[in-house]
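> Below are the sequence and a predicted model for it; my questions follow.
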Amino acid sequence: MILAYFRSLAARFLDRSQTETELEEELRAHIRLRTDDLERSGLSRPDAERRARIEFGGHERFKEECRAAIAGNFIDILIQDVRFSVRMLRKSRGFTVIVVLTIALGIGATTAIFSVVDATLLQPLPYPQSQQLVSIQADLPAIGAHDVGMSQPELQDFQQSGIFEYVSPAWFDENNLTGSAQPARVRIVSVAPSYFALLRAQPELGRTFDPQHNLPGYLPEVVISDALWKRSFGGDPNILDKSIRMDTDLYRIIGVMPPGFDSPGRNSEERNIEVWAATSFYGPPLPDHPVRNRRNLPTLIARLKPGSTIASAQNQLDGLVASVQNQFAGDYPNGWRVRLLPLKETVVGDVRQPLLLLLAAVAVVLLIGCVNVANLLLARASARTHEMAIRRALGAGQNRLTRQLLTESLLLSLLGGIAGIGTLFLAQESLLRLVPETLPRLNQISISWSVLIFALLTSMLSGIIFGLAPALHASRLDLIHVLNQEGRASTGSGERVQTRRVLVVTELALSLVLMISAGLLLHSFWDLLNVQLGFNPQSVMSVRTRMPYPNDVKIDKYATAAQEAPFIRELLRRCRSLSGVEEAALGDPASIPLDQSQRELNGLEGKFFLTFDGQRAQPEAPSMVERSRVTPEYFHLVGIPLRRGRLFNEFDEDTSPQVAVVNEAFARVYWPNEDAIGKRFKSTRPNSPWVTVVGVIANARTQSLAQSDVPQLYLNVYQNPAKHLAIFLRGHLDIASIADQVREQVQTLDPTLPVFGAQTLRATVSEFLLQRRFSMEMVGAFALTALLLAALGIYGVISYLVSERTHEIGIRLALGAQRSNILRIILHQGLTLAFAGALVGLVCALIVSHLMASLLYGVRPTDPLTFASVALLFLAVALFACYLPARRAMRVDPMIALRYE
Amino acid sequence: MSNEAELLPGTLDLLILKAVSLGPLHGYGVLLRIEQISGRALLIEQGALYPALFRLVRQGLLKANWGKSDNNRRAKFYELTSKGRRRLREETEGWNRLVAAIASALAARPQEA
């Protein structure tokens, strides 16, 4: 049925020229027959023919009506219009190419950004009924601590509350996988047995955990990822029930997840999980009788009961939280607040604002492109005034002409859209490489149907936007006036010039807004690049290794600091002997400055609750601080100077009193106006010893580039053993081979330890800026494009004005006007537009810049330097764009100009 | 001119159908036939005939074929389809009812009101 319709449509389209000749022939036959009759009644042949024509009436008008009668419906008229438009566009190729390229650029860029927005922000998470998935976050309002994690009893409260179908923690960690050629570090997540049932995820091979399982300790089963299966087991089809050894424990593989299955994590480390292990989060290696205020579980994820909403669940949850706080008042001295968030929010929350900024920026570029095209169309409309007037006079209806012009615009924008999408298709591989890897759901970005539909709609919308002004102008054509002006085809009406001025001011203003946004981002990025780090990343590398964490504590070779110390000392001694190494130190991952990859791990291990000795504050309100564990050499190696007291030394042993080094910010926050040296604190964990502050070091931006005064606490690794280790090396290092050299040393000492994550500290620092850099570069590129388009726009208008006034300029020159005067007149016209655009743009930029305040660092949204310098650059470009046509005006030869008419 | 009447809107289609029902005709022939059967009382703008003819063809009431006219000119001949014949019958009845109604309305005298 539909096929037949299209076939007849195509046939009609092709038959059109034949119909046209038949129509002409039929009307001519009529006149001939009438002429024959009139001739027979006695008229001469010419008279008869003339009379027949007069009797027939408006030939062209009836022909048009016949065409309408044949066509009869919208589609056919559309086809007529499209055919006519194609003819018109082919007649002016240069114009068509420029317009199509402008629109292709705009649509291509907008669609590219939209495809990212679509995959990350719009598409639901790739789990069935994902709108029912939430994350549960807990705050301690009294001390302003957010997302502090949960304790096992709290997890049980939620699991048994009846509010959720399933609740599971997702504890991201690393594990040492041994048994294959090289011990490997694998990304593992410890979850409740209900995890896969919660996500409603099915394995590609085997099965997942039994959600009902609830015995203490770890299940001796794991599910592995498709990637690990292929990489470490060669895609062995008989993988099920094979055993693997992780952290010296034996596990049976029960299932393989399909490729593309991502865990709902906050960063790429957490999403690309290789092994899933299930536990009830009590029993070895965790405590058999977990306590309520030891919050060692990270954020929980949960599936709401069917039919339940986040709001209703939150309501029930508030009741639960209140009654738990009543019952265990002693465990909640700092209050307890539990929030439900859509799970998607935790996955993509961080990138929402930067992405929306990019989408807005690229939409502005597209809009400027549209305005530019509208301007071109208006200029062309001036040239076509005569054509339009004649077509009106010959009987084309006003609506018909408007429609025809709109069809032309739509055709242009669709061609542009197709060109844009086509380019996008061809370039998508290389474009995707530009996207930072930290972006969530990167592998879901594609040119999907929704993206194509978006591109189509955007193209049509653009066509309407830029086609509207010229079409409306054409419909208000004053026939008599235009036709009376005989030969002067291109006299633009004053109204049309006015519209063009408004358009140019709009586009100048838009581009200025974009440029100022880009300028602010650039300025704050520049500031971040040039901050005093407070540490020295020059020629420092970090290499990671990790001690096993067996579920049976008794077989742990490195359970205490005393057991671990000989390994660390020997490893550092060996590393110092490597070629090029001048200094070596060791710490936990939290001590790697600005490292983003282990955020969750650091969040768990690095967050530390303290109570202070003899503190004015209530001792039962613990403070949460950032903590790193390092060897004594660390501070000198990364270049953080000592301010007061001493650093760790070789006498700080497992058996000697615990000591700590803090930074100045820490000292100022916890002991304001006092000397921190000699002050004591201890961890809130049971049986923790008192720790004495022995040294204060300078503040450094190790936690965030944007802040220099984050309180930092350093403990001695020889007193507080760490399982996750980072080896720091300074010297003239051979970056390519250093990881292998370190691996050799580590594995000589213990062949089961993996070595991974070798990176220069410089690279770590620049990775910290990756996302900002991406946003800044993109917005910067869009702003440059916008500036270019706006400059073209003002150039076009001024050129047009000059060409229109050539005659007048000729007269002025002939009457003795100075050439510099002519230049001044033209520049004045251009600069009036530029200043108007700048004024509107500055006001809009003030509004927009406040919206993006959170993306800025160290720069106020009203930063006068940025505003002034961008505005100056903008005016300079506008001046240049006006100068070119103005110079042409100045060089007009009066003789030629006067003869020109 | 005085005995020629303007066509009521919508009646041209009916006249064309009637004219063609008497035998296949080309466009000019339709014109002549209408003049003849209306006793030259109706004024038709010649060109306006063609949009109407095309419309009737599109509606499937007429079908058109190229042929030779009496004086050997190539011309397009129109004839009624069965759908056209049915439509002519319906429209004729409708027209007659309308005329009768209007005539009786116009013939009404004051005391009958």
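Received it, and whenever you're ready, just let me know what you need.
> my guess is A:Gln137 is in a strand, correct?
Yes. Counting by DSSP: H, G, I helix; E, B strand; the rest coil, A:Gln137 is found in a strand.
> any weak-confidence spans in the chain?
I went with chain A, as the question did not name one. Counting by pLDDT under 70, chain A contains low-confidence ranges at A:1-18, A:70-77, A:180-181, A:395-397, A:475, A:477-494, A:597-607, A:615-622, A:900-901.
> right idea, wrong chain: chain B
In chain B (pLDDT under 70), the answer is B:1-10, B:111-113.
> mind running it again at 80?
Across chain B, residues meeting the criterion (pLDDT under 80) sit at B:1-10, B:40-45, B:69-73, B:110-113.
> show me where it has helices.
For chain B, the helices defined by DSSP state H occupy B:11-21, B:27-37, B:49-58, B:82-107.
> mind checking which of these is nearest A:Ala52?
Among those, helix B:27-37 comes nearest to A:Ala52, with 9.8 Å by C-beta to C-beta. C-betas here are computed from N, CA, C, even on glycine.
> Need the helices of chain B in JSON lines (columns: mean neighbour count).
Shown next, in JSON lines, are the helices of chain B (neighbours: other C-beta atoms under 10 Å in any protein chain shown):
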{"stretch": "helix B:11-21", "mean neighbour count": "20"}
{"stretch": "helix B:27-37", "mean neighbour count": "19"}
{"stretch": "helix B:49-58", "mean neighbour count": "21"}
{"stretch": "helix B:82-107", "mean neighbour count": "12"}
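> Let's have those in CSV, adding distance to A:Ala676.
Listed next are these as CSV, based on distance: least, C-beta to C-beta, whole Å:
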stretch, distance to A:Ala676
helix B:11-21, 103
helix B:27-37, 108
helix B:49-58, 95
helix B:82-107, 102
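> Tell me which of those helices sits nearest to A:Ala590.
Closest among the helices of chain B, using C-beta to C-beta: helix B:49-58, at 80.2 Å.
> who touches that closest one?
The contact list for helix B:49-58, computed with C-beta atoms under 8 Å, 6 or more residues apart in numbering or on different chains, reads A:26-27, A:30, A:62, A:65-66, A:68-70, A:72, B:12-13, B:16-17, B:27, B:30-31, B:62-64, B:78, B:84.
> Next: stretch A:47-57.
Here stretch A:47-57 makes contact (C-beta under 8 Å, 6+ apart) with A:27, A:30-32, A:34-36, A:38-39, A:43, A:59, A:62, B:45-48.
> likewise stretch A:821-832?
For stretch A:821-832, the surrounding residues in contact (C-beta under 8 Å, 6+ apart) are A:794, A:798, A:801-802, A:809, A:812-813, A:875, A:878-879, A:881-883, A:885-887, A:889-890, A:892.
> Tell me which entries of these lie within helices.
Per DSSP H, the contacts of stretch A:821-832 map to helices at A:794, A:798, A:801-802, A:809, A:812-813, A:875, A:878-879, A:881-883, A:885-887, A:889-890.
> Now list the buried members of those residues.
Among those, those classed as buried by neighbour count (16 or more other C-beta atoms under 10 Å in any protein chain shown) are A:794, A:798, A:801-802, A:809, A:812-813, A:875, A:878, A:881-883, A:885-886, A:889-890.
> which of these sit farthest apart?
Farthest pair in these, by C-beta to C-beta: A:Leu813 and A:Leu875, 28.4 Å.
> and after the helix or strand where A:Pro566 lies, which helix or strand comes next?
Per DSSP states H and E, A:Pro566 falls inside helix A:561-576. Scanning forward in sequence from helix A:561-576 by DSSP H and E, the next helix or strand is strand A:581-587.
> Around chain A, pick out the residues from chain B.
Proximity of chain B to chain A, by C-beta under 8 Å from any C-beta of the partner chain, involves residues B:26-28, B:45-48, B:50-52, B:54-55, B:58, B:69, B:71, B:73-76.
> Wait, A:Arg772 touches A:Phe525, no?
Yes. Counting by C-beta atoms under 8 Å, A:Arg772 touches A:Phe525, with 5.8 Å between them.
> Can you tell me the closest non-neighbouring residue to the spatially most central residue of chain B?
Chain B has B:Leu15 as the residue nearest its centroid, 0.9 Å off, counting by C-alpha atoms, centre = their mean. Nearest residue to B:Leu15 in three dimensions, chain neighbours excluded: B:Ile34, at 5.1 Å (C-beta to C-beta, 6 or more residues apart in numbering or on different chains).
> show me what contacts the one you found?
B:Leu15, B:Ile16, B:Ala19, B:Leu42, B:Ile44.
> just these now: which is nearest chain A?
Chain A lies nearest to B:Ile44 out of the contacts of B:Ile34, by C-beta to the nearest C-beta, at 10.2 Å.
> and that closest one, what is it in contact with?
Applying C-beta under 8 Å, 6+ apart, the residues near B:Ile44 are B:Leu7, B:Leu12, B:Leu15, B:Leu31, B:Ile34, B:Glu35.
> if I pick the second one, what's in contact with it?
The neighbourhood of B:Leu12, defined by C-beta under 8 Å, 6+ apart, consists of B:Ile44, B:Ala48, B:Leu49, B:Ala52.
> Pop the domain breakdown of chain A in here.
A:2-72, A:141-335, A:352-529+A:770-899, A:540-766 (automatic domain parsing).
> can I get the ones you listed in CSV with distance to B:Leu88?
As requested, these are exported to CSV (distance: least, C-beta to C-beta, whole Å):
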stretch, distance to B:Leu88
domain A:2-72, 19
domain A:141-335, 64
domain A:352-529+A:770-899, 31
domain A:540-766, 84
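> how close does the residue in the stretch 401-550 of chain A that chain B sits nearest to get to A:Leu377?
Using C-beta to the nearest C-beta, A:Arg403 is the residue of the stretch 401-550 of chain A that sits closest to chain B, at 19.2 Å. Noted for A:Arg403: a distance of 15 Å to A:Leu377, by C-beta to C-beta, to the nearest Å.
> between the two, who's got more neighbours?
Neighbour count, other C-beta atoms under 10 Å in any protein chain shown: between A:Arg403 and A:Leu377, A:Leu377 has more, with 24 against 16.
> Check which helices and strands the helix holding A:Pro566 sits against.
If you count contacts as 3 or more C-beta pairs under 8 Å, 6 or more residues apart in numbering or on different chains; DSSP states H and E, helix A:561-576 packs onto strand A:581-587, strand A:724-731, helix A:735-749.
> List the buried residues for the longest one?
Under the neighbour-count criterion of 16+ other C-beta under 10 Å, helix A:735-749 has A:Ile738, A:Ala739, A:Gln741, A:Val742, A:Arg743, A:Gln745, A:Val746, A:Gln747 buried.
> Any idea how many residues pack against the residue nearest to A:Ala667 when sequence neighbours are not counted?
Leaving aside its sequence neighbours, A:Ala667 sits nearest to A:Ala676 (C-beta to C-beta, 6+ apart; 3.7 Å). Applying other C-beta under 10 Å, we find 24 other residues in the vicinity of A:Ala676.
> do A:Leu304 as well
Using other C-beta under 10 Å, A:Leu304 has 20 other residues around it.
> Now do the same contact list for it.
Taking C-beta under 8 Å, 6+ apart, we find A:Leu304 in contact with A:Gln132, A:Leu133, A:Val134, A:Ile163, A:Phe164, A:Glu165, A:Ile310, A:Ala313.
> Just give me the neighbour total for the nearest residue to B:Trp66 once chain neighbours are set aside.
Closest residue in space to B:Trp66, ignoring its immediate chain neighbours: B:Lys76 at 5.5 Å, by C-beta to C-beta, 6+ apart. With neighbours defined by other C-beta under 10 Å, the count for B:Lys76 comes to 21.
> What of the one 4 residues further on?
Other residues lying near B:Leu80 total 23 when counted by other C-beta under 10 Å.
> So which bits of chain A are right by chain B?
Residues of chain A lying near chain B (C-beta under 8 Å from any C-beta): A:22, A:25-27, A:29-30, A:32-34, A:36, A:55-59, A:61-62, A:65-66, A:68-70, A:72.
> Give me the helices and strands touching the one helix or strand A:Phe525 maps to, please.
If you go by DSSP H and E, A:Phe525 is part of helix A:494-529. Packing partners of helix A:494-529 (3+ C-beta pairs under 8 Å, 6+ apart): helix A:343-393, helix A:449-475, helix A:770-804, helix A:819-851, helix A:864-890.
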